[in-house]
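> Provided below for reference: sequence and predicted model.
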Amino acid sequence: MNIISSYSIKGGVGKTALAVNLAYVLRESGRRTLLIDLDPQGAAAFYFRMGSAKKLRMRDSDALADGLRSNIRESDFPGLDIIPSNLAYRNFDIVLDSMSKSRKRLRKVLDEFKPDYDVILLDCPPNITLLSENVFRASDLIVVPVIPTVLSQRTLDQLTLFFQNEELPVEILRPFFSMVQKRNRMHRDIMDELPLSNPHFLKTVIPFSADVEKMGLRRMPLLAYSSNCEAAMAYRALCNEILCQTAARP
C-alpha cells in the first residue's frame, strides 16, 4: 500500500484540485483508492458530492482508526472511496499530542487499511502542525503544488528546510508548478530557475484555468467532465508522472 499526500504550507495553490483528480486517475488505473480529506474545510469531499463526516472519537489510535473506517463512503466512481472531513479535525493536533509516539501515530492508523486499498491519498490542511508531521512520516510521496511566485517559492524553501532540520527524507517531496500563467514573466523566470536547485521537481505544469475553478460547480473531478481541455490533459499527465514516481520507489 502506498500513501501519497497532497500538501502545501500555503493555501490556495491547487492542493485539493490535485488530490481530487489524482484520486480519479488512481481508480481509473485499477488501484483500489481511499481519499482521506484531512482539511477541516472539507473541499475534497465537497467535490465528490459528500457532506461532513460523523464526529470521530479520537481518544487513542484504535478509536481513531475505527472512527475513520465508520466514515468511509463510496464515491460515484467504483474503486474510489472517500473519508470526508469534519470541523472536529481542527482538534487533530490535540488528540495526537496525547498519544505516545505522537509524531508517528497516523502511520499506525493508516496501516489498518492495508488489506482493503492499494493507495491511500491524503488531502492535507495548509500548515505545519503535529498532524502535518504525522503526514510527513506516514507518506511514501508528498506532492507539493507551487505557484511560480516569490511567496510560494518561499514556502517550498521553508518546507524543505523543515525536512532537513527534522532529518526527514527530502527526496519524498515532489513539487510541481501549479496555476501557471505563461504570459507572466515572473512565472516564466521562476519556472526556469527553481527546478535547478530542486532535482525532484515534477516536469508537468498545470496552467491557470477557469475549467479547474468549475469543479466547484460540477462537484466532480475535472477529468470526469472535461477530459479534453488543456488543464485536464495537464492533470492527467501530472497524475501519470506521479504514478511513475511511486512505482520507481522501493
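Alright, I've got the coordinates. Numbers count the residues shown, from 1 in each chain.

> just checking, what packs against the top helix by length along the chain?
Longest helix in the chain, counting residues (DSSP state H): helix 230-248. Packing contacts for helix 230-248, counted by 3 or more CB pairs under 8 Å, 6 or more residues apart in numbering; DSSP states H and E, involve strand 2-6, helix 15-28, strand 141-146, strand 173-177, helix 210-213, helix 222-225. In this view, the C-beta of every residue, glycine as well, is placed from N, C-alpha and C.

> ok, which of those comes nearest Pro84?
With CB to CB as the criterion, Pro84 lies closest to helix 15-28 of the helices and strands packed on helix 230-248, at 12.7 Å.

> avg pLDDT for that closest one?
In this model, helix 15-28 has an average pLDDT of 95.

> C-terminal to it, what's the next element?
Later in the chain than helix 15-28, the nearest helix or strand by DSSP states H and E is strand 33-37.

> chain center to the very next helix or strand once past that next one, what's the gap?
Toward the C-terminus, strand 33-37 is succeeded by helix 43-47 as the next helix or strand (DSSP H and E). Centroid separation between helix 43-47 and its chain, computed with CA atoms, centre = their mean, to the nearest Å, is 12 Å.

> run through who's touching helix 43-47.
16, 19-20, 35, 37, 51-53, 82-85, 123, 215-216, 219-221 (CB atoms under 8 Å, 6 or more residues apart in numbering).

> so how far is Ser152 from the residue in the chain sticking out farthest from the centre?
Using CA atoms, centre = their mean, the residue of the chain lying farthest from its centre is Arg185. It sits 28.3 Å away. Separation of Arg185 from Ser152 (CB to CB, to the nearest Å) stands at 16 Å.

> residues touching Ile206, list them.
Counting by CB under 8 Å, 6+ apart, Ile206 makes contact with 14, 18, 145, 176-180, 212, 231, 234-235, 238.
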